[in-house]
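A.B. asks: Just the structure for this:
(2 chains)
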Protein chains: 2
Amino acid sequence: MVAALSLSGLFAYSQQALWGEEEIISPVIHENKTVSFHLSAPNASEVLITGDWMPVEGWVPGTAVMEKDEKGTWSYTSEALEPELYSYAFLVDGLRVNDPNNAFLSRDISTSTNIFLIGGSPADLYRVNDVAHGTVSRRWYDSPGLEMMRRITIYTPPGYENSKEDYPVLYLLHGAGGDEEAWIELGRASQILDNLIALGKAKPMLVVMPNGNVSQGAAPGEGVRGFYKPQFMVPGTMNGRYEEAFMDIVSFVEENYHVKADKANRAIAGLSMGGFHSLHISRYYPNTFDYMGLFSAAIIPPQDASSMVYKDIDATLKTQMENGYKLYWIAIGKTDFLYENVIEYMEKLDSLGMSYTYRESEEGHIWKNWRIYLSEFAPLLFK
Amino acid sequence: MVAALSLSGLFAYSQQALWGEEEIISPVIHENKTVSFHLSAPNASEVLITGDWMPVEGWVPGTAVMEKDEKGTWSYTSEALEPELYSYAFLVDGLRVNDPNNAFLSRDISTSTNIFLIGGSPADLYRVNDVAHGTVSRRWYDSPGLEMMRRITIYTPPGYENSKEDYPVLYLLHGAGGDEEAWIELGRASQILDNLIALGKAKPMLVVMPNGNVSQGAAPGEGVRGFYKPQFMVPGTMNGRYEEAFMDIVSFVEENYHVKADKANRAIAGLSMGGFHSLHISRYYPNTFDYMGLFSAAIIPPQDASSMVYKDIDATLKTQMENGYKLYWIAIGKTDFLYENVIEYMEKLDSLGMSYTYRESEEGHIWKNWRIYLSEFAPLLFK
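C.D. replies: Predicted structure coming up:
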């Protein structure tokens, strides 16, 4: 054990103890599902905590005051929380600070935020459970349409590698500010699919998560641009080129994976901007997908309506309808700022006689809803 | 553009602007390779910066004082820095804080630290350059020896998927406190291999990065234990069971990938504890690997010397020597706390008449060295 002790001095730069902090565990999830948070900040005058379970005030969740003990450790215990994947931060004398005792962070655009999970339904789908796991690969494909190599994240279901079977494919698109990491990191897509497949609720399928930003070949930090501050909107993101070039992705997948390459075995879904992309891709290639999912879709005027993609929207929707499809699934939260846009879009579909399934949820434009939508949408596919 | 603007309110929880901060870019790498850091903390009394380019004081890098402007933004500009992947943190009134304007973090055990890169040799190998990229997969394999499914990270070189060729394999092991993410995240293994292969300096090869912690099926947060505070030493990590079960990994790789399944096409290397594992695996299976790499190897007494693995060390080394090998590569930094142990081990090898190549570097037990060692070792393989 002497050897082990001497080893514990190794990672000098990273070991909390060496920063003079005592060993703190935070967050602590209690049996009654209240959660305690602790932060050592002896010199701070005020420490608040903000978390996405707190009532929203304006655009941001509220805050709660933490209490300081005689050692300078600030603590707060929440009420009992519903099952969910939560995020939180501390505000130390006004400065937003991550919890140094919580190693788990999710990046959303340029901000990394600590996360924790309260078990139970639906959050048990977001956990890694003791079930068979699929494989998640980060790969690069050539996009002649966008004239660059692009990074893509692909989930293959458990057993895929050793199977002679061909599988169906869900193309799953991120929102503005996201990239090919978003559905894996914030959306828990691989955990949701592993769990739904293990429960027999979803068919084994590939989930293909491309980068939807036309001018960006890879997620920030993962491409030739190196490390830079990610932006909310990447230039040219909704100008039609992504939709035009989308079949580059379908071709890549169908040439490189043993998948069923027909309409009955292709689904496309996306959140926010990805819902916009899914809407337009599925009608621009109107006989390609049998399943559409619009999650809190950003149904807004295109940035560059001169693109071929945005011509004849009603006519191409009609063609899509006449070609037939199995499911056109639209979901949005009651407080989403895009709620009215989605209602108007459904009125258009009504006027065209297009059938769809509508799922209205509580709350708004948040990852909590998109995880729920994926958990409900995937079981409807490829039946 | 109105639509785009209204969208920019979306990710309320994550948008810096909504926390009342002005838009700050940090770090800023100047043309002369000095680097400026900025942090808005109007209420702080003192802000320091610590970075791994600063001279080490005791175990930790030194600090420098940041200066506050009239808006409450603290700034510091470094001297010109040598090409390298660096990490840093702020100390705000004594509290260690990540840079909220830098989205890029590496996790080392339980601590996430901001990173940035200064271009030039050798750091250009750690960048994503405009070259062909391999695929990085996170997959699970069954380990009968450890009686569990275990997560593994596998790099396949550019073109692997569409090639009929069989490839050689480097098994690359992490240190104590690490896991199957360490070499990808902190070690930049996929970038190093992509770049060396593109330069014609390394042969295309698979790099297999398993989890070396016997009692841990997957990296913290990626397994059934969920989110918990990662420990430096996981129980039973150096008790012999990992070495005993290692052929589970080799079998999995050779059954599931088109690789050359012979000694001439297998290499094993690791840092610190992974160097210890590489040493013992390669002599316990003494006719399996033609290439060994011991990077700052933790050549220390085993925790549980009763394991079969640690019997007859000299005799099995002799057997390994008699069976023959192409390269036994030993690297360590001059200030590494394991330096004397490695020198003693080489004296043992000398006394046994075993040949090896010794690479002594500056500095100590740090990722900077392990990235350099991988960059130098990979080109020596499979010639």
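
A.B. asks: Can you give the distance of stretch A:298-317 from its chain's centre?
C.D. replies: 25 Å (CA atoms, centre = their mean, to the nearest Å).

A.B. asks: I should have written stretch A:158-169 there, sorry.
C.D. replies: 24 Å.

A.B. asks: is it anywhere near chain B?
C.D. replies: Yes: counting by CB under 8 Å from any CB of the partner chain, chain B is contacted by stretch A:158-169 at A:Glu161, A:Asn162. Bear in mind the C-beta positions are built from the backbone N, C-alpha and C, glycine included.

A.B. asks: Please identify the buried residues of that stretch?
C.D. replies: If you call a residue buried by 16 or more other CB atoms under 10 Å in any protein chain shown, then stretch A:158-169 has these buried ones: A:Pro158, A:Tyr160, A:Tyr167, A:Pro168, A:Val169.

A.B. asks: Confirm A:Val136 sits in a strand?
C.D. replies: Yes: A:Val136 forms part of a strand when assessed by DSSP: H, G, I helix; E, B strand; the rest coil.

A.B. asks: what pairs with it across the strands?
C.D. replies: A:Tyr155, B:Arg138 (DSSP bridges).

A.B. asks: Helices of chain A, start to end?
C.D. replies: A:2-7, A:182-185, A:189-198, A:241-244, A:246-256, A:273-284, A:313-323, A:339-352, A:367-377 (DSSP state H).

A.B. asks: Tabulate the ones you listed (CSV), appending mean pLDDT.
C.D. replies: Formatted as CSV, those follow (pLDDT from 0 to 100):
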stretch, mean pLDDT
helix A:2-7, 31
helix A:182-185, 98
helix A:189-198, 98
helix A:241-244, 96
helix A:246-256, 98
helix A:273-284, 97
helix A:313-323, 97
helix A:339-352, 98
helix A:367-377, 98
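
A.B. asks: residue ranges with poor pLDDT in chain A?
C.D. replies: Low-confidence segments of chain A (pLDDT under 70): A:1-22.

A.B. asks: switch the cut-off to 90
C.D. replies: A:1-23, A:56-61, A:231-239, A:301-306 (pLDDT under 90).

A.B. asks: Any figure for the gap between A:Thr77 and A:Gly62?
C.D. replies: Shown here: A:Thr77 relative to A:Gly62, a distance of 16 Å by CB to CB, to the nearest Å.

A.B. asks: Deepest in the core, which of the helices of chain A is it.
C.D. replies: Of all those, helix A:273-284 has the most neighbours on average by mean count of other CB atoms under 10 Å in any protein chain shown, namely a mean of 27.

A.B. asks: one step back: please dump the buried residues of stretch A:158-169 into CSV; it should also carry distance to A:Gly275 for every row.
C.D. replies: Converted to CSV, the buried residues of stretch A:158-169 look like this (distance: CB to CB, whole Å):
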residue, distance to A:Gly275
A:Pro158, 28
A:Tyr160, 27
A:Tyr167, 24
A:Pro168, 20
A:Val169, 18
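
A.B. asks: Now, these that are in strands?
C.D. replies: A:Val169 (DSSP state E).

A.B. asks: And the residue of the stretch 251-383 of chain A found nearest chain B, how far from A:Ser272?
C.D. replies: Nearest residue of the stretch 251-383 of chain A to chain B: A:Ile300, at 4.0 Å (CB to the nearest CB). Counting by CB to CB, the gap from A:Ile300 to A:Ser272 is 10 Å.

A.B. asks: okay, the two: which has more neighbours?
C.D. replies: Legend: neighbour count by other CB atoms under 10 Å in any protein chain shown for A:Ile300 and A:Ser272, higher for A:Ser272 (27 against 17).

A.B. asks: Please, where are all the strands along the stretch 101-250 of chain A?
C.D. replies: A:105-108, A:111-118, A:135-143, A:148-156, A:169-173, A:206-210 (DSSP state E, counting those that start in this stretch).

A.B. asks: Check which residues of the third one are buried.
C.D. replies: Applying a neighbour-count criterion of 16+ other CB under 10 Å, one finds A:Thr135, A:Val136, A:Ser137, A:Arg138, A:Arg139, A:Trp140, A:Tyr141, A:Ser143 buried in strand A:135-143.

A.B. asks: Next, the angle from that strand to strand A:148-156.
C.D. replies: 150 degrees (axes from the mean of the first three to the mean of the last three CA atoms, to 10 degrees).

A.B. asks: what's strand A:135-143 in contact with?
C.D. replies: A:149-156, A:160-161, A:180, A:184, A:190, A:218, A:222, A:245, A:248-249, A:252, A:256, B:132-133, B:135-140, B:161 (CB atoms under 8 Å, 6 or more residues apart in numbering or on different chains).

A.B. asks: rerun that using 6 Å as the cut-off
C.D. replies: A:149-156, A:190, A:245, A:248, A:252, B:133, B:135-139 (CB atoms under 6 Å, 6 or more residues apart in numbering or on different chains).

A.B. asks: The first one now?
C.D. replies: Surrounding strand A:105-108, the residues in contact under the criterion CB under 6 Å, 6+ apart are A:Ser112, A:Thr113, A:Asn114, A:Ile115, A:Glu185, A:Leu186, B:Phe11, B:Ser14, B:Ala103, B:Ser112.
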